[in-house]
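In: structural data only, the sequence is not supplied:
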């Protein structure tokens, strides 16, 4: 499950995308459990659940290199514009990876 939490601030909110794993029989149960968990998580750390929940069914049991989430989106944007619009807006909280 992918859920989004908002941390409101006076001028600019921070949003956290979280991916959690649930062993359940169907998407509805996964959504129900994930929404309970994300509401508790958000409340515990001063955030709020945005209502965005996306489910992805794993093809195999998670292991080394397992795909745990996938989202496909159609776009007319070129590569750089697409990455800037959705993944590299300049406001992400991320760190550089040490390359050895």
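Out: Received the coordinates, thanks. Every value quoted in this text rests on a predicted model; they were computed, and no experiment measured them.
In: now the helices: where do they sit in this structure?
Out: 27-44, 79-86 (DSSP state H).
In: in TSV: those, plus distance to residue 6, mean pLDDT and mean neighbour count.
Out: C-beta: built from backbone N, CA, C; applies to glycine. Below are the helices of the chain laid out as TSV (distance: least, CB to CB, whole Å; pLDDT from 0 to 100; neighbours: other CB atoms under 10 Å):
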stretch	distance to residue 6	mean pLDDT	mean neighbour count
helix 27-44	8	95	15
helix 79-86	17	86	11
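In: which among the ones you listed is found nearest to residue 69?
Out: helix 27-44 (12.1 Å; CB to CB).
In: which other helices and strands does the closest one contact?
Out: strand 2-7, strand 48-54 (3 or more CB pairs under 8 Å, 6 or more residues apart in numbering; DSSP states H and E).
In: do you know which of these lies nearest residue 40?
Out: Nearest to residue 40, of these and by CB to CB, is strand 48-54 at 9.3 Å.
In: which parts of the closest one are buried?
Out: 49, 50, 53, 54 (16 or more other CB atoms under 10 Å).
In: next one, pLDDT for the third one please.
Out: The model reports residue 53 with a pLDDT of 90.
In: what's the separation between it and residue 80?
Out: Look at residue 53 and residue 80: by CB to CB, to the nearest Å, they are 30 Å apart.
In: could you work out the end-to-end span of stretch 15-28 for me?
Out: End-to-end span of stretch 15-28 (CA to CA, to the nearest Å): 24 Å.
In: ok, now which ones touch the spatially most central residue of the chain?
Out: Per CA atoms, centre = their mean, the C-alpha nearest to the average position across the chain is that of residue 17, at 3.1 Å. Contacts for residue 17 (CB atoms under 8 Å, 6 or more residues apart in numbering) come out as 2, 3, 4.
In: state the pLDDT value of the first one.
Out: To tie it back to what came earlier, the one meant is residue 2. For residue 2, the predicted pLDDT is 91.
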